[in-house]
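Enquirer: Just to be clear, the model below is a prediction. Sequence and coordinates:
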Amino acid sequence: MPPLLRLRGVESCYGRFVALKNVSLVVPHGSVVALLGPNGVGKTTLLRTVSGMMKPTAGEIWFDGVRIDGSPDHAIARAGLAHIPEGRGIFPGLSVAENLQMAAMAGDGPAQLERAYGLFPVLGQRRAQQAGTLSGGEQQMLSLARAIVTKPRLLMVDELSLGLAPRIVAQLFATLQDIRSEGTSILLVEQYVRYALRLADFVVIMQKGRIAFIGESGELQHDGRLVEAYLGGTQAATVDQNGSNAAATSDARPTRKRPGPRAASRRSSRA
Ligand SMILES: Nc1ncnc2c1ncn2[C@@H]1O[C@H](COP(=O)(O)OP(=O)(O)O)[C@@H](O)[C@H]1O
Ligand SMILES: [Mg+2]
């Protein structure tokens with residue numbers, strides 16, 4: 001059986017700037033893969049390239065044995081690949097219910113809506129509320145709910161936790177665990193390295209557009225030197241077991257002094 005997702009020698013560019021260089025990786029069926037690395041190394045570009053928002057300039061992308069590079073993004077989504085983009089993939093002017101109904105049209109309807117409200121009771125209570133007036137955490141729950149009502153086989157999540165309080169992040173990760181146990185594979189870009197390592201089976205670390213490390217998450221969990229070597233000092237001191245220390249960041253200059261707990265929300269956003 002082929003892996004659920006396979007990238008082989010993928011290159012992706014913004015104009016003449018090569019953002020992904022010879023990227024090869026697999027996401028096996030039923031697994032969670034964490035994609036880690038400092039700011040600007042190409043993690044978002046990789047997800048955009050897989051979901052068809054960007055067309056790779058070289059290489060191949062296979063989804064469950066079918067070649068998808070070059071396919072339009074809606075066809076890739078219909079094949080069972082959901083992408084929650086960086087920032088929030090919701091319609092702020094529509095209600096919670098309308099946001100979910102729009103997403104569910106691509107999947108199999110009302111049963112999935114009830115499943116989403118079951119996973120996120122707060123969204124059920126706020127069905128009629130305009131999505132843009134939800135809290136940041138609730139908006140991320142809605143973007144996650146919008147992705148899962150399509151019953152994806154692979155869910156790609158780009159920095160779900162950005163700017164959220166540790167308590168909310170813990171809740172979102174618990175939901176990712178539920179989604180995973182229902183059989184959805186996950187490719188996760190995340191700055192909270194310890195949460196990511198606990199959820200993931202495999203870890204892919206990127207540096208400057210290339211894959212620098214692929215291994216089992218246990219290798220990194222039990223070897224702080226590996227985390228230090230690939231992700232730098234700031235990454236080594238991420239969230240503790242209770243999620244109470246939010247000194248986690250994907251800082252591009254990891255040798256600087258460790259940022260404070262608000263580091264996540266201070267990060268500037270890019271295009
Ligand atoms: N729309 C864009 N136009 C030009 N360059 C971009 C664009 N988006 C990202 N880049 C560049 O591509 C590289 C990878 O960016 P990105 O994939 O967003 O990294 P990450 O998600 O790992 O922080 C960075 O050097 C970034 O500046
Ligand atoms: Mg990014």
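Expert: Received the coordinates, thanks. Quick caveat, the model's predicted, so the values are computed rather than measured. Ligands and ions are numbered 1, 2, ... in the order given.
Enquirer: could you give me the average pLDDT of the helix or strand harbouring A82?
Expert: A82 belongs to strand 81-84 when elements are defined using DSSP states H and E. Strand 81-84 shows a mean pLDDT of 94.
Enquirer: swap in stretch 67-77?
Expert: Predicted confidence along stretch 67-77 averages 94 (mean pLDDT).
Enquirer: if we can go back for a sec, against which helices or strands is the strand holding A82 packed?
Expert: Contacts defined by 3 or more CB pairs under 8 Å, 6 or more residues apart in numbering; DSSP states H and E place strand 81-84 against helix 43-50, helix 136-148, strand 154-158. Placement of C-beta: from N, CA and C, glycine included.
Enquirer: Now the weakest link among these, please, by mean pLDDT.
Expert: Least confident of the helices and strands packed on strand 81-84, judged by mean pLDDT, is helix 136-148 with a mean of 92.
Enquirer: about what we covered before: for the helices and strands packed on strand 81-84, which one sits closest to ligand 2?
Expert: helix 43-50 (3.2 Å; CB to the ion).
Enquirer: Tell me which residue is most central in this protein.
Expert: Central residue check for the chain by CA atoms, centre = their mean: the C-alpha nearest the mean position is that of V157, 2.0 Å away.
Enquirer: could the helices and strands packed on strand 81-84 go into CSV alongside distance to E182?
Expert: Listed next are the helices and strands packed on strand 81-84 as CSV, based on distance: least, CB to CB, whole Å:
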stretch, distance to E182
helix 43-50, 21
helix 136-148, 9
strand 154-158, 11
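Enquirer: looking at the ones you listed, which is closest to P2?
Expert: Of all the helices and strands packed on strand 81-84, the one in closest proximity to P2, counting by CB to CB, is strand 154-158 (13.0 Å).
Enquirer: that older thread, between the helices and strands packed on strand 81-84, which gets nearest to Q112?
Expert: Nearest to Q112 among these is helix 136-148 (7.5 Å), distances taken as CB to CB.
Enquirer: Could you pull out the buried residues of that closest one?
Expert: For helix 136-148, the buried set under the neighbour-count rule, 16 or more other CB atoms under 10 Å, comprises G137, E138, Q139, Q140, M141, L142, S143, L144, A145, R146, A147, I148.
Enquirer: swap in stretch 60-79?
Expert: Of the residues in stretch 60-79, those scored as buried under the neighbour-count criterion (16+ other CB under 10 Å) are I61, W62, F63, D64, I68, D69, S71, I76, A77, A79.
Enquirer: Tell me which residue in the stretch 51-200 of the chain sits closest to ligand 2.
Expert: Ranked by CB to the ion, the top residue of the stretch 51-200 of the chain for proximity to ligand 2 is E86, at 5.1 Å.
Enquirer: give me every residue that touches that residue.
Expert: Applying CB atoms under 8 Å, 6 or more residues apart in numbering, one finds that E86 lies in contact with T44, D158, E159, L162, S269.
Enquirer: Can you pull out the low-pLDDT segments for the stretch 151-271 of the chain?
Expert: Applying pLDDT under 70 to the stretch 151-271 of the chain flags the ranges 233-271.
Enquirer: let's see 50
Expert: For the stretch 151-271 of the chain, the stretches with pLDDT under 50 are 235-271.
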